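>>> model the structure of this input:
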Amino acid sequence: MLALLIMKHLILISFMWFSLVDLAIPARAQNSEADSLKNILAGQDEDTSRVNTLLQLAWNLRAENPPESMKYSEEAKTLSEKLGFDKGKAMALSTIGVLQYRRGELADATSSHMQALQIREKIGDENGIARSNINLGNIYSDQGSNDLALKCYFVALEILERGDDQERLAIVSLNIGGIYLAMENTEKAHLFCQRTVEIAKQIGDPLLEAQALNNIGVCFEQQNNNDSALWAFNESYRIAEEQSEKNMMVDAGINVGNVYRYKGQYDNAIAWHKKSVEIAEEMEYLEGLRGLYEQLAADYQLKGDYKSAYENHVLFKQFSDRIYNEENSMRLTEFTMRYEVEKKEMRQAELEMELKTQESSLRKKGMIIVSGVVGFFVLAGIIVLIVVGFSGKKRDRMIIQAQQEELNRLRWKK
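Numbers count the residues shown, from 1 in each chain. Now for the predicted structure:
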């Protein structure tokens with residue numbers, strides 16, 4: 001259960017559409033940047049530059065002020081549609097999908113990311129296709145659809161390995177490692193997560209390194225190496241705290257508390273989990289709260305406080321029903337099937353257009369050939385008529401000449 005929980009949380013960092021280095025900016029610096037972007041926005045016309053500023057502002061505010069972030073994302077989407085700016089619209093839909101995901105609105109998030117993917121496939125934005133596949137893989141992994149998640153992640157991995165986007169290459173490696181954690185394949189999980197650590201160090205991205213360490217800690221945990229696991233989780237939490245990345249602090253805090261529970265230190269486990277609850281509540285991090293209430297229920301149960309265990313289990317069930325329900329699952333399936341159907345319809349339309357083009361080309365060629373044949377026969381007919389005409393005249397002259405000779409003979413006889 002723990003591996004699945006961590007696999008779900010490690011994907012938060014995957015929703016980037018511009019440099020992951022921006023995540024390393026402390027909260028105060030982010031607020032300052034947001035103010036600066038708002039000032040820029042105030043003087044911009046309704047053009048693509050404004051769309052880009054709206055998108056950057058929306059991403060800057062995604063953690064500190066999700067409602068305002070959604071407002072700017074929606075404005076960017078509307079303006080992109082008005083301008084016919086497909087790339088901007090796809091980016092706006094992607095950001096909207098991120099915000100919907102964090103609110104636990106998985107079906108709506110799927111719809112947004114599917115729409116973004118369709119646009120990116122249409123305009124041939126390979127890097128965007130990779131990002132959309134990562135985001136969809138995240139949602140599939142949340143629903144426990146590991147095969148679908150891996151399919152999306154490996155599509156992204158293949159694209160990213162051809163390019164130079166090392167940040168997202170590290171991310172998708174991280175997420176693949178997370179899926180293998182959920183499948184309890186610690187060997188492959190450690191391999192992909194270690195790859196992320198190495199790339200993160202090369203590009204100087206401490207948050208990627210922290211997230212990978214978080215998952216490597218799970219690998220150690222699955223191998224019953226609790227001391228190494230505790231070290232990895234504490235390192236992850238320390239880096240996240242330094243970077244003011246609260247979602248990651250929640251993820252690492254869950255794991256630190258869990259290791260203390262495994263070591264029989266229940267008070268330490270409860271303290272870490274309660275501290276993480278406060279952060280998750282502040283961030284409206286529903287998925288994190290769901291996992292925390294589950295872990296607190298386990299903490300209190302082992303401690304012998306069954307009343308508190310029951311209360312936290314009820315909260316866990318409430319959040320689970322809110323996030324994972326039949327309607328969400330049905331809508332996710334519906335969106336996936338609709339997307340596949342639309343892809344087939346688009347391909348069919350392309351083939352029909354190609355066929356019509358070929359048929360039109362053949363008809364033109366046929367008309368040229370027919371025209372040539374007709375022209376040939378007309379010309380031939382004219383030649384025949386001329387020849388026949390000349391032949392007729394020659395024959396007539398010969399007849400006239402013969403008649404003249406016969407007349408002369410008759411005259412001579414007389």
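>>> every contact and neighbour count from this point should use C-alpha atoms.
Will do.
>>> how about the helices in the stretch 101-250 of the chain?
Remark: helices assigned in the stretch 101-250 of the chain by DSSP state H, counting those that start in this stretch are 106-123, 126-142, 146-162, 166-182, 186-203, 206-222, 226-242, 246-262.
>>> dump the C-alpha coordinates for the third one into CSV.
By that I understand helix 146-162. Only the C-alpha atoms of helix 146-162 are listed here, as CSV (Å, rounded to 0.1, in the frame of the first residue of the first chain):
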residue,chain,number,x,y,z
ASN,A,146,-0.4,0.6,-14.3
ASP,A,147,-0.3,-0.8,-17.9
LEU,A,148,-1.9,2.4,-19.3
ALA,A,149,0.3,4.6,-17.2
LEU,A,150,3.5,2.8,-18.4
LYS,A,151,2.3,3.0,-22.0
CYS,A,152,2.0,6.8,-21.7
TYR,A,153,5.3,7.2,-19.9
PHE,A,154,7.2,5.1,-22.4
VAL,A,155,5.7,7.2,-25.3
ALA,A,156,7.1,10.2,-23.5
LEU,A,157,10.4,8.6,-22.7
GLU,A,158,11.0,7.7,-26.4
ILE,A,159,10.3,11.2,-27.5
LEU,A,160,12.4,12.8,-24.7
GLU,A,161,15.4,10.6,-25.3
ARG,A,162,15.6,12.0,-28.9
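>>> which elements pack onto it?
Of the remaining helices and strands, those touching helix 146-162 by 3 or more Cα pairs under 8 Å, 6 or more residues apart in numbering; DSSP states H and E are helix 126-142, helix 166-182.
>>> reformat those as a markdown table; add mean neighbour count, distance to residue 72 and mean pLDDT.
Below are these laid out as a markdown table (neighbours: other Cα atoms under 10 Å; distance: least, Cα to Cα, whole Å; pLDDT from 0 to 100):
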| stretch | mean neighbour count | distance to residue 72 | mean pLDDT |
| --- | --- | --- | --- |
| helix 126-142 | 26 | 20 | 92 |
| helix 166-182 | 27 | 24 | 92 |
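>>> out of the helices of the stretch 101-250 of the chain, nearest to residue 305?
helix 246-262 (14.0 Å; Cα to Cα).
>>> what angle do helix 246-262 and the helix or strand following that closest one make with each other?
Next helix or strand after helix 246-262 toward the C-terminus (DSSP states H and E): helix 266-283. When axes from the mean of the first three to the mean of the last three Cα atoms, to 10 degrees is applied, the directions of helix 266-283 and helix 246-262 differ by 160 degrees.
>>> I'd like to know which elements helix 266-283 is packed against.
helix 246-262, helix 286-303.
>>> just say which of these is most tucked in.
helix 246-262 (a mean of 26; mean count of other Cα atoms under 10 Å).
>>> burial count for residue 38?
14 (other Cα atoms under 10 Å).
>>> contact partners for it?
By Cα atoms under 8 Å, 6 or more residues apart in numbering, the contact set of residue 38 is residue 57.
>>> sticking with it, tell me its helix or strand.
Going by DSSP H and E, residue 38 is part of helix 27-42.
>>> would you list the helices of the stretch 101-250 of the chain in CSV and tack on distance to residue 48?
Formatted as CSV, the helices of the stretch 101-250 of the chain follow (distance: least, Cα to Cα, whole Å):
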stretch, distance to residue 48
helix 106-123, 16
helix 126-142, 18
helix 146-162, 26
helix 166-182, 25
helix 186-203, 30
helix 206-222, 30
helix 226-242, 34
helix 246-262, 31
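>>> redo the helices and strands packed on helix 266-283 as a markdown table? Include distance to residue 161 and mean pLDDT.
Below are those laid out as a markdown table (distance: least, Cα to Cα, whole Å; pLDDT from 0 to 100):
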| stretch | distance to residue 161 | mean pLDDT |
| --- | --- | --- |
| helix 246-262 | 26 | 93 |
| helix 286-303 | 31 | 92 |
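>>> columns distance to residue 102 on top of those, output as CSV?
Output for the helices and strands packed on helix 266-283, formatted as CSV (distance: least, Cα to Cα, whole Å):
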stretch, distance to residue 102
helix 246-262, 10
helix 286-303, 7
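>>> of those, which approaches residue 198 most closely?
helix 246-262 (19.2 Å).
>>> so which elements touch the closest one?
Looks like helix 246-262 contacts helix 2-9, helix 206-222, helix 226-242, helix 266-283, helix 286-303 (3+ Cα pairs under 8 Å, 6+ apart).
>>> these: lowest mean pLDDT?
Here those differ in mean pLDDT, and the lowest is helix 2-9 at a mean of 37.
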